[in-house]
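Asks: Got a predicted structure here, sequence first:
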There are 2 protein chains.
Amino acid sequence: MSLTLWPVTGLGEVSAGDDLVQLLLGRLDEPLRDGDVVVITSKIVSKALGLVSTADREAVIDAETVRVVARRGPTRIVRNPAGLTMAAAGVDASNTVPGTVLTLPRDPDGEALALWRRLRRRAGVEVGVVLSDTAGRAWRRGQTDIAIGSAGLKVVDSLSGTQDTYGNALHVTERAVADEIAGAAELVAGKTGRTPFVVVRGLPRHWVGDHWATARAGARTLLRPDDEDMFGLGARDAVEVALGDDDPTGFPGAAADAVARVRDLAAADPSLVDVEVADDGFRVTVLHDGADAMIEAGRVAERLRIAARAHQVDRPVEVRTTVASGR
Amino acid sequence: MSLTLWPVTGLGEVSAGDDLVQLLLGRLDEPLRDGDVVVITSKIVSKALGLVSTADREAVIDAETVRVVARRGPTRIVRNPAGLTMAAAGVDASNTVPGTVLTLPRDPDGEALALWRRLRRRAGVEVGVVLSDTAGRAWRRGQTDIAIGSAGLKVVDSLSGTQDTYGNALHVTERAVADEIAGAAELVAGKTGRTPFVVVRGLPRHWVGDHWATARAGARTLLRPDDEDMFGLGARDAVEVALGDDDPTGFPGAAADAVARVRDLAAADPSLVDVEVADDGFRVTVLHDGADAMIEAGRVAERLRIAARAHQVDRPVEVRTTVASGR
């Protein structure tokens, strides 16, 4: 009926090649039981895998970036090779030797599966494994721990097809229980990084075990597919991408930067039109009276209006046809 | 060292005007202690406040919508009056009498504060209160419970200014502990809605109490301010808003709908240009040879290109200047 979580303490430094299952079992105050879930920080898994780099942090983030989701000044929220959307691609410079950074496992479900297989065999009980990492959220401040890998565990508890106590069908509820477990574990893991294992006892027994579609599905089940994801780009980044920029800057930060960015996004052909930026607005001047220059002026003026709206630059756009035209 | 959570069970139906603190205290198996946190589902608070409506669900969602964040077919993710970003504005048709819906409290921190004051006084111990609700996330499938209100509790545990065990400064880490507590409570609350109270015991003692900036800050601390929020609009919605549409449709759903939507977003002046939609592309025809018609053609063609990119309609845009022009 109750849920209990406790940290496994007293571990020393973990290095590449260390046997995490042995370290865990050697430090348990009491044996694991059927139905327990062990939450393991991805940081300790990365250390045991030797995923440490002495390269420049920005270069490592570049290498871990599949695509930029949103950018604001120096902050990059990106999709990483494991499909996770995280600031700095999940590259971690805390609780690691100064001058080094850790990267996330490329296949966190695979690592969880390997750890789970050894843990089951060695402990002789039916347990689940969650690999956790810290992630920010849209709309809400602060970070929570989420499940980036898992094995032997139900990660989503789907309530579709069931009824509430009034007999209403529960259509759309899918509980991301693996994320809630990872977040709960963080509450007891402490903040300085020396408690990489948390035992969770008391979850519904049928969530844990080697059932079909639980042990195998993994935490990748929790990744929203691109075609269902309404937030695959930041709001301003999405406009920049729609304007044809493959390297969006999103939030430029300072207001002056936003004006310069809007000017750049106009992408005017200087042989056809001239673009001026003034405090009272943008001015597009047609350089000759051909249809191509007029059409370009309409195109550029509209790009300026759209970019200005996205970057909240409140300046009007004026088109000047100073040359003799067909009007 | 360990964290324990258990549900308070055996409650009957809750109606408007019911005293939730009395119901809770009457059902506790053991007394609350200093440092405990009680997680209360917002649903039960809404019921006790009488926030039930027999109006049409869509009309209720309209009334609870401050602005649309993202839209996809019938799904609306909106900002609600409490500042929360939620599907259907948090309006709830499950675990309520058929034909009725529940709305969220307009001031969940205020409700948490009122419950906390009465609970502290009645129980005679220093406890915290979290009001929880279920919310979806960007990028990740499934829902988790989050803290929409709180009192007497540290909601964000900021690690800035502290150091990790290597002496690295921990700059940016802010743990959204109230959200992790709400999510943990959901793991034991059960899914059919009859366990609206969960007791959490074993959190760091200094997180709970009537300190400055903890009791008072509330869960609104967790709302990301607009100027820091890179995901204040869905990706496609952001482009539509940048195109000047105040009522974005975001994801139109079907491919044919997307083409129609792109056509609408062109917003052409029919006295100046004609827009045709064909399988092989969009065609913008200039209707006379004045500068205004040429400029309009450039404007409309660019809007079609931008909208098509955002809605992933892979059709080129052609501009036809069939009338005698200056070229």
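Replies: Okay, I see it. Numbers count the residues shown, from 1 in each chain, chains lettered A, B, ... in the order given.

Asks: drop to CA atoms for contacts and neighbour counts, all remaining ones
Replies: Fine.

Asks: any idea which helix or strand comes after the longest helix along chain A?
Replies: In chain A, taking DSSP state H as the definition, the longest helix is helix A:291-310. Per DSSP states H and E, the first helix or strand lying C-terminal to helix A:291-310 is strand A:317-320.

Asks: Parallel or antiparallel, list what pairs with that following strand.
Replies: Here strand A:317-320 is paired, per DSSP bridges, with strand A:281-286 (parallel).

Asks: quick one: buried residues of the partner strand?
Replies: Buried residues in strand A:281-286, counting neighbours by 16 or more other CA atoms under 10 Å in any protein chain shown, are found at A:282-286.

Asks: for it, the distance to its chain's centre please.
Replies: Once both centres are worked out by CA atoms, centre = their mean, to the nearest Å, strand A:281-286 turns out to sit 40 Å from its chain's centre.

Asks: Next, the angle from it to helix A:291-310.
Replies: 170 degrees (axes from the mean of the first three to the mean of the last three CA atoms, to 10 degrees).

Asks: wait, A:Leu104 sits on A:Ser42?
Replies: Yes - here A:Leu104 reaches A:Ser42: they are 6.8 Å apart, a contact under CA atoms under 8 Å.

Asks: what's the average pLDDT for the helix or strand harbouring A:Ala70?
Replies: Here A:Ala70, judged by DSSP H and E, is contained in strand A:67-72. Averaged over strand A:67-72, pLDDT sits at 91.

Asks: who's in contact with the helix or strand just after that strand?
Replies: Remark: after strand A:67-72, the chain's next helix or strand is strand A:75-79, criterion DSSP H and E. With CA atoms under 8 Å, 6 or more residues apart in numbering or on different chains as the test, strand A:75-79 has contacts from A:65-71, A:84-89.

Asks: what comes up buried for strand A:75-79?
Replies: By neighbour count with 16+ other CA under 10 Å, strand A:75-79 contains the buried residues A:76-79.

Asks: for stretch A:18-34, same thing?
Replies: A:18, A:20-21, A:24-25, A:32, A:34.

Asks: For chain B, tell me whether that stretch is touching it.
Replies: No - Stretch A:18-34 does not reach chain B (CA under 8 Å from any CA of the partner chain); its nearest approach is 12.2 Å.

Asks: Between the two ends of that stretch, what distance do you get?
Replies: Using CA to CA, to the nearest Å, the end-to-end distance of stretch A:18-34 comes to 25 Å.

Asks: Show me which of the buried residues of stretch A:18-34 is closest to chain B.
Replies: In terms of CA to the nearest CA, no member of these lies closer to chain B than A:Leu32, at 15.2 Å.

Asks: Chain B: which of the buried residues of strand A:281-286 is nearest?
Replies: Comparing those against chain B with CA to the nearest CA picks out A:Val286 as the nearest, at 10.0 Å.

Asks: any idea how far the residue found closest to the closest one once you drop the neighbours it is linked to in the chain lies from A:Ala301?
Replies: Leaving aside its chain neighbours, A:Val286 sits nearest to A:Val273 (4.7 Å; criterion: CA to CA, 6 or more residues apart in numbering or on different chains). From A:Val273 over to A:Ala301 the distance is 10 Å, taken as CA to CA.

Asks: so what sits against both of these two?
Replies: Residues touching both A:Val273 and A:Ala301 (CA under 8 Å, 6+ apart): A:Val284.

Asks: For chain A, which element, helix or strand, carries the lowest mean pLDDT?
Replies: When the helices and strands of chain A are scored by mean pLDDT, DSSP states H and E, strand A:157-158 comes last with a mean of 86.

Asks: Which neighbouring elements make contact with that one?
Replies: On a contact count with 3 or more CA pairs under 8 Å, 6 or more residues apart in numbering or on different chains; DSSP states H and E, strand A:157-158 meets strand A:174-175.

Asks: What pLDDT is listed against A:Ser160?
Replies: pLDDT, A:Ser160: 63.

Asks: ugh, typo on my part, it should be A:Arg57
Replies: In this model, A:Arg57 carries a pLDDT of 91.

Asks: Isn't it up against A:Leu102?
Replies: No - counting by CA under 8 Å, A:Arg57 stays clear of A:Leu102, with 9.4 Å between them.

Asks: joint contacts of those two?
Replies: Each of A:Val91 lies in contact with both A:Arg57 and A:Leu102 under the rule CA under 8 Å, 6+ apart.

Asks: Name the residue in these two with the higher neighbour count.
Replies: Each of A:Arg57 and A:Leu102 has its neighbours counted (other CA atoms under 10 Å in any protein chain shown); A:Leu102 has more, 25 against 18.

Asks: From chain B, how far off is the residue nearest to the spatial centre of chain A?
Replies: Among the residues of chain A, the one closest to the centroid is A:Thr85, at 1.7 Å (CA atoms, centre = their mean). Plainly put, A:Thr85 is 7 Å away from chain B if you go by CA to the nearest CA, to the nearest Å.
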